[in-house]
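> sequence first, then the predicted structure, then my questions.
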Amino acid sequence: MMAATDRLRMIYFRRMGVRIGAAQYKTYLTADGKCFILDFWPFPKCRGNITGHDCFDALVSYARAMGRLITR
């Protein structure tokens, strides 16, 4: 049975206050804090110039700061 804490979450990425992308992820606190990225997208007008890499790095940093297990 899925715990109430094992829920789908969404995060927006911002650069200088402007949303540049988003991701949906799910963490399983009932399974050692594993974090699964379900959907990830830099917004079309912001793509290029390593924006996707920056967004992904921000997501990894955020997840690790929250104590989630995420690897590349």
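Here it is on my side, so go on. Treat the numbers as computed from the prediction; the structure is a model and nothing was measured.

> strands along the protein, start to end?
Taking DSSP state E as the criterion, the chain contains strands spanning 8-15, 18-28, 34-42.

> which of these is buried the deepest?
Across these, averaging neighbours per residue (mean count of other Cβ atoms under 10 Å) puts strand 18-28 on top, at a mean of 17. Every C-beta, even on glycine, is put in place using the N, C-alpha and C of the backbone.

> sheet partners, orientation included, of that strand?
Paired neighbours of strand 18-28 in the sheet (DSSP bridges): strand 8-15 (antiparallel), strand 34-42 (antiparallel).

> which residues does that strand contact?
Among residues not part of strand 18-28, those counted as contacts by Cβ atoms under 8 Å, 6 or more residues apart in numbering are 5-14, 33-43, 46, 51-52, 55, 59, 63, 66, 68.

> do stretch 49-60 as well
So stretch 49-60 is contacted by 11, 13, 15, 20-21, 23, 25, 37, 40, 42, 70, 72 (Cβ under 8 Å, 6+ apart).
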